[in-house]
Each structure stands twice: as C-alpha cells, then as structure tokens.
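Enquirer: next comes the sequence, and after it the predicted model I'd like to discuss.
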Amino acid sequence: MADIKFDVHRCKGCGLCVMFCPHDNIRMSGDLNDQGHPYAELIDADRCTGCGLCYRMCPDTAIEINRKKAAKK
C-alpha cells in the first residue's frame with residue numbers, strides 16, 4: 001500500500017498519470033486549480049499499489065508517494 005498525494009497547485013492537467021496508471025485509479029478532477037487547470041486525483045486509495053508510474057511520468061513533479069510499512073505481527 002502507499003500514501004499518494006497530488007499537489008493540486010503544481011498539476012497542469014496533462015493527464016500522463018491517468019494514462020499510465022496500470023490500475024486505472026487516477027482521474028482528472030472536474031474542478032480547476034488556481035491556474036485554471038483540471039488536476040489529477042486518486043479514485044480509490046485502497047487500490048493504489050504504490051508502483052510509482054504516475055510519479056515517474058509527471059513532468060511537473062506534482063505527485064508524491066510514500067510507501068506504507070507493513071504492520072508487524
């Protein structure tokens with residue numbers, strides 16, 4: 001699992017993260033950021049595997065991924 005954050009203010013709405021998400025788990029918001037661009041948002045946090053493809057494809061470095069550590073038994 002991963003904790004993924006999108007920087008709404010840096011996103012320019014290119015949609016590369018949406019295109020490359022292998023789980024179809026990112027979409028462009030219907031809202032606009034302060035620059036007038038739609039921004040990326042996660043659909044379902046539980047479906048995010050933290051693969052990092054969105055992070056690597058983002059030309060605006062608007063995505064941050066923190067991998068969650070597994071709970072110890």
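Expert: Yep, that arrived. Numbers count the residues shown, from 1 in each chain.

Enquirer: now the helices for the chain?
Expert: All helices of the chain, identified by DSSP state H, fall at 16-20, 53-57.

Enquirer: next one: the last one to chain centre, how far?
Expert: For helix 53-57, the gap between its own C-alpha mean and the chain's C-alpha mean amounts to 8 Å (C-alpha atoms, centre = their mean, to the nearest Å).

Enquirer: repeat for the first one
Expert: When C-alpha coordinates are averaged (C-alpha atoms, centre = their mean), helix 16-20 and its chain have centres 9 Å apart.

Enquirer: now for that helix, which elements pack on it?
Expert: Under the contact criterion of 3 or more C-beta pairs under 8 Å, 6 or more residues apart in numbering; DSSP states H and E, helix 16-20 touches strand 26-32, helix 53-57. Quick note: C-beta positions are derived from backbone N, CA and C, even for glycine.

Enquirer: and the contacts of the shortest one?
Expert: Spelled out, it's helix 53-57. Outside helix 53-57, the residues that touch it by C-beta atoms under 8 Å, 6 or more residues apart in numbering are 4, 16, 17, 19, 20, 21, 22, 26, 40, 63, 64, 65.

Enquirer: may I see the buried residues of it?
Expert: 53, 54, 55, 57 (16 or more other C-beta atoms under 10 Å).
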